[in-house]
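# When you get a sec, could you give me coordinates for this:
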Amino acid sequence: MRDAIHSILEQAIHAPSGENCQPWEFVARENSVSVYNLPERDNSLYNFRGRGSLVAHGALLENISLIAPTYGLRADIALFPEGEEARLIATVSFSSADTYVSPLVEWIPRRATNRKSYEKTYKLTEKERELIRNSPLSEEGEARLIEDEASRKELARAISLNERIIFENYDLHSFLFSHIRWTRKEEAEKGGGLYIETLELPPPVAGGFRHLFWRWRVLQALNRIGFSKFVALQNAGTYFSSSAIGALILPGSSPLHFLRAGRAIQRMWLRLTSAGLSMQPITGLVYLRERIVSGEPASLTPLHQTLILRSYLLIAHLFKVEDACIGMTFRIGRALPPTASSAHFSPNIL
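Residues are numbered from 1 along each chain as shown. Below you'll find the model as predicted:
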């Protein structure tokens, strides 16, 4: 069984994580595995109280539960066995079961963030909407979609504020560029991170990323003539091209809520991939807002705090969110396949 567990983990790590940080390690035993968080892998401003990493771990656990029956095993998952503040995220116990291959398993390695522009005229079918709304894990949250043109345009502009702030905040800027991998060789040597081609940058912009935009002083000079606002405007256009912009609305904001949300998001994403649809999480602004309202703005300036809170109010209004928590925002549509996907490396199994 130990060999089967290793094989399951090798496949399950094809799960999304912030900047492809892959914040997990494993302790395997004869018939179980303990899943640990590695907080040092993702110390960005976005990962407030580790919520982004919890979503990533939820996606990982969903993969484990889908893959295990392929090996004639059942995966029983105990969440936070040592409490929600511990590094131990889950203990997964395996037992013999009937062999079953879920139709979603083949899509696990093929699921990828697609940052291309989507087909502007494509409208989701009712069947495609049901793939989003009727997740088997829907009790952990409700997926809401905005499809009408006027509201999508407002949402795209509000959410794209995140890209402006990335180029105006030193910490966010440094974190992004420290995780960009310029070649496949560098990606293999350093592990994790974002391979540059996954960002889908046109050649002139890609050149700017490599030679200019990583230099903070150069970027500050460019921002004085409106560069960061231009970046936000360009991204707003990309987001608006989607068939829908969605949000996963959670009943609470505890670590357990975010962990379970990760499972729901992964199941939804796999279903969309199997249907030929593309998806991109665009949730940075939501996590920055959580940091502000919790009284821990870190290096966010008063101006940025005001802009974030104002944009969030619009996002919450359009999604009709009052007392609930937005766990993730994302865009969906039809598009050409992504140019590249970031690599996932062999799991660290102790």
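# ok now the helix or strand hosting D76, how far from the chain's centre?
Secondary structure assignment for D76, by DSSP states H and E: strand 73-79. With CA atoms, centre = their mean, to the nearest Å as the basis, strand 73-79 stands 23 Å off its chain's centre.
# repeat for stretch 210-218
Worked out by CA atoms, centre = their mean, stretch 210-218 lies 26 Å from the chain centre.
# As a check, name the ranges of all helices in the stretch 201-350 of the chain.
203-208, 216-223, 227-240, 255-274, 284-293, 302-318 (DSSP state H, counting those that start in this stretch).
# per-residue confidence for the closest residue to L212 other than its chain neighbours?
In this structure, L212 finds its nearest non-sequential neighbour in V218, 5.4 Å apart by CB to CB, 6 or more residues apart in numbering. Quick note: C-beta positions are derived from backbone N, CA and C, even for glycine. pLDDT, V218: 96.
# Keeping just the C-alphas, turn stretch 308-321 into CSV.
In CSV, the C-alpha atoms belonging to stretch 308-321 read as follows (Å, rounded to 0.1, in the frame of the first residue of the first chain):
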residue,chain,number,x,y,z
ILE,A,308,-9.1,48.3,-2.0
LEU,A,309,-12.1,48.8,0.4
ARG,A,310,-13.9,50.9,-2.3
SER,A,311,-13.4,48.2,-5.0
TYR,A,312,-14.4,45.4,-2.6
LEU,A,313,-17.7,47.2,-1.8
LEU,A,314,-18.5,47.2,-5.5
ILE,A,315,-17.6,43.5,-5.8
ALA,A,316,-19.7,42.6,-2.8
HIS,A,317,-22.6,44.6,-4.1
LEU,A,318,-22.6,43.0,-7.5
PHE,A,319,-22.4,39.5,-6.1
LYS,A,320,-25.0,40.4,-3.4
VAL,A,321,-22.7,39.5,-0.5
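# Now do the buried residues in it.
By neighbour count on 16 or more other CB atoms under 10 Å, the buried set for stretch 308-321 is I308, S311, Y312, L314, I315, A316, L318, F319, V321.
# Same list, those, but as TSV with distance to L336 and pLDDT please.
Formatted as TSV, the buried residues of stretch 308-321 follow (distance: CB to CB, whole Å; pLDDT from 0 to 100):
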residue	distance to L336	pLDDT
I308	32	98
S311	29	98
Y312	32	97
L314	30	97
I315	28	97
A316	33	96
L318	28	97
F319	28	96
V321	32	94
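# The strand holding D76: what's the following helix or strand?
Heading C-terminal from strand 73-79 (DSSP H and E), you reach strand 88-96.
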